[in-house]
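# Starting from these lines, generate the structure:
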Amino acid sequence: MEIIVKYMLFVHVLAGGISLVLFWLPVFTKKGGRVHNTVGKAYLVTMWVVVVTAFLLSVKNLYIGSYIPAAFLGFLTILTSAPLWY
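Predicted coordinates for the structure are as follows:
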């Protein structure tokens, strides 16, 4: 079980780092262009990976009895996923 949690945390951090880089790339490209749209789609995918892994890690905290961290991280998951959905 612990190896799965470590793997999820690694994927979460990796996707978060990639999404931080991808967030800034469209600043230097033409809006609506091919690069802009491609990078935007890649950003969306990486952020959904961040949200899903954050949700799973929050559920893990809830399972082990860490209720306050689970509630806080779950709330951040909801706050992050709402703009992505729209």
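# which residues does the residue nearest in space to the middle of the chain contact?
Geometric centre of the chain, nearest residue: Val50, 1.8 Å, by CA atoms, centre = their mean. Counting by CB atoms under 8 Å, 6 or more residues apart in numbering, Val50 touches 12, 15-16, 19, 80. All C-beta spots, glycine's among them, are computed from the backbone N, C-alpha and C.
# Format these as CSV; extra columns: secondary structure, neighbour count and distance to Leu62.
Output for the contacts of Val50, formatted as CSV (DSSP: H, G, I helix; E, B strand; the rest coil; neighbours: other CB atoms under 10 Å; distance: CB to CB, whole Å):
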residue, secondary structure, neighbour count, distance to Leu62
His12, helix, 18, 16
Ala15, helix, 20, 22
Gly16, helix, 15, 21
Ser19, helix, 18, 25
Thr80, helix, 15, 18
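# Switch the residues you listed over to JSON lines; also include distance to Val27 and pLDDT.
Converted to JSON lines, the contacts of Val50 look like this (distance: CB to CB, whole Å; pLDDT from 0 to 100):
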{"residue": "His12", "distance to Val27": "25", "pLDDT": "95"}
{"residue": "Ala15", "distance to Val27": "20", "pLDDT": "96"}
{"residue": "Gly16", "distance to Val27": "19", "pLDDT": "95"}
{"residue": "Ser19", "distance to Val27": "14", "pLDDT": "95"}
{"residue": "Thr80", "distance to Val27": "21", "pLDDT": "90"}
